[in-house]
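>>> let's see this in three dimensions:
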Amino acid sequence: MNTLYDVIGRRRDTRREFTGAPVRDDVLQRVLLAAHAAPSVGMSQPWDFVLVRSPETLRTFRDHVSGERAEFAKDLSGERAETFATIKIEGICESGLGIVVGYDPTRGGPQVLGRHAIGDAGLYSVVCAIQNLWLAATVEGLGVGWVSFYREDFLRSLVGMPDHVRPVAWLCVGAVTELPDVPDLERFGWRARSSLETVLHEERYRARPT
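Now for the predicted structure:
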């Protein structure tokens, strides 16, 4: 039986492992219900989930992401450029399913309990829903890849979100051959995970040498 800690440890940002096999409806329903059960400020539940399976839409978004990847790569040189060239940043078409997660700040009315002092509390709630979705997908043996190389206006228009809804994430979701033991960015040498001690403070924040 999976414990929560096991699932957290196995969760990966998936790219090259997707098989393209469709996700069963009952499995997808469980994963989405887990996301919808996330905590939210003032019980506002300010998320929306757009399921994208159209091959044409998947290709259109993939091409947009490829363009943004190329723009990012222009600012890299030397070892950084060489390392980035080996990293696959998306599995949009390979997964066969994109879940676009949106944030609607109007959900819950004009006076959301708990948001008056922290305007981004609703956005944090959406991220909680994404984490719930990701952990549930891991339990179900699915892979998830969060694609961040996109312009929000492009994605909003692509999936027909109204102007006031912010697209927070495109999640590639699908069956995978495996979940890698080591995250891609660590495996390819882009960045290593830091220890807990480097980010832990007692009573007050204490600056550390960079």
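>>> helix, strand, or coil at residue 172?
When states are read from DSSP: H, G, I helix; E, B strand; the rest coil, the local structure at residue 172 comes out as strand.
>>> which of the three states applies to residue 145?
strand.
>>> pretty sure it is touching residue 171, no?
Yes - counting by C-beta atoms under 8 Å, residue 145 does reach residue 171; the two are 7.0 Å apart. Yep, even glycine has a C-beta here, placed from its N, CA and C like the rest.
>>> the two: who's more crowded?
For residue 145 against residue 171, the residue with the higher neighbour count under other C-beta atoms under 10 Å is residue 145, and the figures read 27 against 24.
>>> tell me the contacts of the closest residue to that one other than its chain neighbours?
Setting aside the residues directly before and after it, residue 145 is nearest to residue 172 in space (C-beta to C-beta, 6 or more residues apart in numbering), at 4.0 Å. With contact taken as C-beta atoms under 8 Å, 6 or more residues apart in numbering, residue 172 is in contact with 14, 18, 90-92, 94-95, 97-98, 143-145, 147.
>>> ok, and the closest non-adjacent residue to residue 115?
In space, residue 115 comes closest to residue 121 once its chain neighbours are excluded; the distance is 4.6 Å by C-beta to C-beta, 6+ apart.
>>> any idea how far residue 158 is from that neighbour?
27 Å (C-beta to C-beta, to the nearest Å).
>>> go on, residue 72?
Using C-beta to C-beta, we find residue 72 at a distance of 20 Å from residue 158.
>>> neighbour count winner among the two?
Each of residue 72 and residue 158 has its neighbours counted (other C-beta under 10 Å); residue 158 has more, 19 against 12.
>>> which ones are touching the more buried one?
Neighbour list for residue 158: 57, 60-61, 64 [criterion: C-beta under 8 Å, 6+ apart].
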